[in-house]
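# Just need the structure, nothing else, for what follows:
(chains A and B)
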Amino acid sequence: MNVVHAPLSPQSDSIHPAAVVSAVELNHISKSYDDFVAVADLSVSIRPGGIYGLLGPNGAGKSSTIRMIMGIIVPDSGHISVFGTPLNRAHMDQFGYLPEERGLYRKMKVLEHLVFLAQLKGLSHPEATKRAHYWCERFELSGWTEKKVEELSKGMQQKVQFIGAILHDPKLIVMDEPFSGLDPANAVGLKDVLLELAKKGKTILLSTHRMDQAERLCHSICLINHGRPVVEGDLNQIKAKYGQTHVQIKYDGDARFVHEPRLVQSFNDYGNYVEVRLAPGADAQELLKLAAASARISKFEIMEPSLEEIFIEAVGKTNA
Amino acid sequence: MRNTWLIIKREYLQRVRTRSFLALTVLAPAIMTVLMAAPAKFASMGQKPQHLVLVTSTQQFGEVVRQQLLANPMASEDEEGGDNASQKPEEQYIIDIDSSPTDAERATLQNKIGTRDIDGYVWLSDEAISTHTVTWSGREKADSRERSWLGEVLNRILFQQQLSKTGMAPNQAYLLLQPTKVDSVRIERGREVKSGGTGRFLEIIVMVMLIYVAVLLYGISVMRSVLEEKNSRIMEVLLSSASSTELMTGKLLGVGAVGLTQIVVWTLMAGVVALPSLAAQASFGELQISPLVMLSFVLFFLLGYLLYSTMYATIGAITTTEQEGQQVQFIIVIPLVLSVFMLMPVIRTPDSAAVVWMSLIPFFAPIVMFARIVVQPPPLWEIALSLLLLIGTVVGLTVLCARIYRIGVLIYGKRATLPEILKWLKYAKA
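Predicted coordinates for the structure are as follows:
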């Protein structure tokens, strides 16, 4: 197994006072169903506040991980703590959960349904009603509160479900693929609310297979594949680390510098410019010097890879 | 506790508010009443008086027979005695007398039957009387009640005539020939109980079928709603707020409360509307329900419901579609049906070993023990033991099924196999 931890993460933790407790701490958790390993030895620490991305292709073990955090299933081994204490039933009221598989009681009225969900989380009836009205207004559902859920469009039902997950003002919000099935306008609305909640100090765990989304929203990510963590840590640091491996050089002259195995692992020459993947441990500055010796360099750029490229590269490594 | 209460409330309100609940609660007793009252009503309503001709050698003898026939109502079929069930003969028959017993007349009468001028004739010529062979001819064959009615009346007239010839006064002979009426009375705990036979039988059937149908109906309803929560995926949201035990018990109690509401409404309706009208019907007149029976009805209904619907909830959790659930549920229906089969033995021999044992086994107790209490109250300790075993089983089963439920409700796509379920039982310790 090849877990790539961002090199600076111990330092970044030290930026915050030591007193800061992780919102969620997964300690070597594993879960198997019969012969199928859903999650294998996953350790993650999510700091409070902001949006944390849990990424990976379909079937990677994201939903299993989330269900374990929500206490719906129990890990075979390892332990989970939330806000500094081992996961227990008392935490449930502080959780807001939007599962990947959406579901509401079809025959219930929207307002009634929201109030029921919030009451299960400990809210009083009047308080739940007040908040439900507020959020329905924000999501343009005001006219629908007395309608039955089955009368709503799928997108509207999804908004109702989202409101149900945040109505009780939870400290930890877990969203499993929250944007799937939403039209672009509603997706933007949802994103805005998520960012707003994150700014208020809520911890949001966002699970998605859309790397571009995570890239824009999350401060930290954990990439998992086949139940195993592949990359974990602060997004900028991960990118910084991976970014040093790719260089684009616009040149005029002899490109023989790419044949230096000490520095270059692989390359793709387009004639005017060449994309180089640095050998492990190679210094880009050294390559620049070498290149300048044989060719005229008009552009030398250390590229920031997209999460998608990082994922493909990291998965390629683990599969190798 | 709070969560369980919220779930009970939701289940209850969602169900009670539906139109189908209202329809079932109001319409079911109406349909029942119609179904039970209709046969008796039809029997009396559809009948117009039959036109009967008595063919006798003398007009005078014919008059005597007619008078006696009209004065003596037919015995009713059941054992309750004919005093309240039968109609008056003058409403049933129009009787004419024809005093020319010739072959030509017989042909004429047969023609009249064909043209529906008359419904039948009875050949009572002196010759027929003396050979004791009387024939009742009609479009329909006379049934045994009609035949014995006529036979008894004729015998009495003939006896009376014979006795008069020996010099006995006619009214003395009349008294002598009065039929003796045999009454029957049931003794329960040293007291006379009016209800017996038919009334008792109906009481048992109605109440036991009510338990049977309600347990089955609400059990299936529980299974359906578990499947709905599973298939609509709301289960996952619920599980992030409440434990599976809370979810299951909340649902069972909520649906059970709906059932109880329905039965209370039915009982009230029966008390207010149905009973007075039913009381007019003969066999219902003596139906009376003791407080012990009422109490045990509620107790055994509730416990029976809890026992069976726990299993239904579990089946909902381990299957994925309603069809699949229906296929598996026969395992549950078997003990219920067996209990109903035990009804006849319970009524005939309420003290037999088989009946006593069956009434103690929790899966049969709700019906068999209850039927025993209605038929002939068993010793209190037997009732107590049966209840205790039943409650113990309900509690044990709830704990066991909650474990299966907990995992089952998260498994989508395929039905769980038996080995899998056994593994869940071991796995889910909480």
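# Check which residues of the one helix or strand residue A:113 maps to are buried.
For residue A:113, the element it lies in under DSSP states H and E is helix A:110-120. By neighbour count on 16 or more other C-beta atoms under 10 Å in any protein chain shown, the buried set for helix A:110-120 is A:110-120. Using the backbone N, CA and C atoms, a C-beta is placed for each residue, glycine as well.
# Closest one of those to chain B?
residue A:120 (4.0 Å; C-beta to the nearest C-beta).
# ok, now which ones touch that closest one?
Counting by C-beta atoms under 8 Å, 6 or more residues apart in numbering or on different chains, residue A:120 touches B:3, B:6-7, B:238, B:241-242.
# Which member of these is positioned nearest chain A?
For these, the nearest to chain A is residue B:241 (4.0 Å; C-beta to the nearest C-beta).
# for the record, mean pLDDT for the helix holding residue A:113?
Averaging pLDDT along helix A:110-120 gives 94.
# What of stretch A:28-40?
Stretch A:28-40 comes out with an average pLDDT of 85.
# Is it in proximity to chain B?
No. Stretch A:28-40 lies apart from chain B when judged by C-beta under 8 Å from any C-beta of the partner chain; the minimum separation is 8.8 Å.
# got the contact list for the helix or strand hosting residue A:195?
Assessed by DSSP H and E, residue A:195 sits inside helix A:184-199. For helix A:184-199, contacts defined as C-beta under 8 Å, 6+ apart pick out A:49-51, A:138-139, A:155, A:158-159, A:162, A:166, A:173, A:175, A:178-179, A:182, A:204, A:206, A:217.
# Next: stretch A:81-94.
Stretch A:81-94 has contacts (C-beta under 8 Å, 6+ apart) with A:21-25, A:27, A:48, A:69, A:71, A:79-80, A:121-122, A:168, A:170-172, B:240-241, B:243.
# Check stretch B:347-358 too.
B:200-201, B:204, B:339, B:342, B:345-346, B:364, B:368, B:371-372, B:375-376, B:378, B:382.
# try 10 Å this time
Residues outside stretch B:347-358 that contact it (C-beta atoms under 10 Å, 6 or more residues apart in numbering or on different chains) are B:200-201, B:204-205, B:335, B:338-339, B:342, B:345-346, B:359, B:364-365, B:367-369, B:371-379, B:382, B:386.
# Which residue ranges of chain A form helices?
Under the criterion DSSP state H, helices of chain A are mapped to A:9-15, A:62-69, A:110-120, A:125-138, A:154-166, A:184-199, A:211-217, A:235-243, A:284-294, A:307-319.
# Does residue B:421 touch residue B:319 like I think?
No. Using C-beta atoms under 10 Å, residue B:421 is not in contact with residue B:319; the gap is 11.3 Å.
# how about the residue sitting nearest the centre point of chain A, what does it touch?
Centroid-nearest residue in chain A: residue A:53, 1.1 Å away (criterion: C-alpha atoms, centre = their mean). The neighbourhood of residue A:53, defined by C-beta under 10 Å, 6+ apart, consists of A:204-208, A:210-211, A:213-223, A:235, A:307.
# Are any of the contacts of stretch A:81-94 buried, and if so which?
Of the contacts of stretch A:81-94, these count as buried by 16+ other C-beta under 10 Å: A:22-25, A:27, A:48, A:69, A:71, A:80, A:121, A:168, A:170-172, B:240-241, B:243.
# In which helix or strand does residue B:94 reside?
strand B:93-98.
# Counting neighbours, which bits of stretch B:252-263 end up buried?
B:252-260, B:262-263.
# Tell me how the chain divides into domains.
No chain in the question, so chain A it is. As assigned by automatic domain parsing, chain A contains the domains A:12-233, A:246-304.
# Wait, chain B was what I had in mind.
B:52-179, B:194-427.
# Now for residue A:159, how many residues are close by?
Per other C-beta atoms under 10 Å in any protein chain shown, the neighbour tally for residue A:159 reads 23.
# Residue of chain A nearest chain B, please.
Counting by C-beta to the nearest C-beta, chain A gets nearest chain B through residue A:103, at 3.1 Å.
# Give me the spatial nearest neighbour of that residue, chain neighbours excluded.
Sequence neighbours aside, residue B:233 is the residue nearest to residue A:103 in space, at 3.1 Å (criterion: C-beta to C-beta, 6 or more residues apart in numbering or on different chains).
# picking that back up, which of the buried residues of stretch B:252-263 fall within helices?
Short answer: these in helices (DSSP H) are B:252-260, B:262-263.
# Let's have these in JSON lines, adding distance to chain A.
Formatted as JSON lines, these follow (distance: C-beta to the nearest C-beta, whole Å):
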{"residue": "B:252", "distance to chain A": "17"}
{"residue": "B:253", "distance to chain A": "16"}
{"residue": "B:254", "distance to chain A": "12"}
{"residue": "B:255", "distance to chain A": "15"}
{"residue": "B:256", "distance to chain A": "19"}
{"residue": "B:257", "distance to chain A": "17"}
{"residue": "B:258", "distance to chain A": "15"}
{"residue": "B:259", "distance to chain A": "19"}
{"residue": "B:260", "distance to chain A": "22"}
{"residue": "B:262", "distance to chain A": "19"}
{"residue": "B:263", "distance to chain A": "24"}
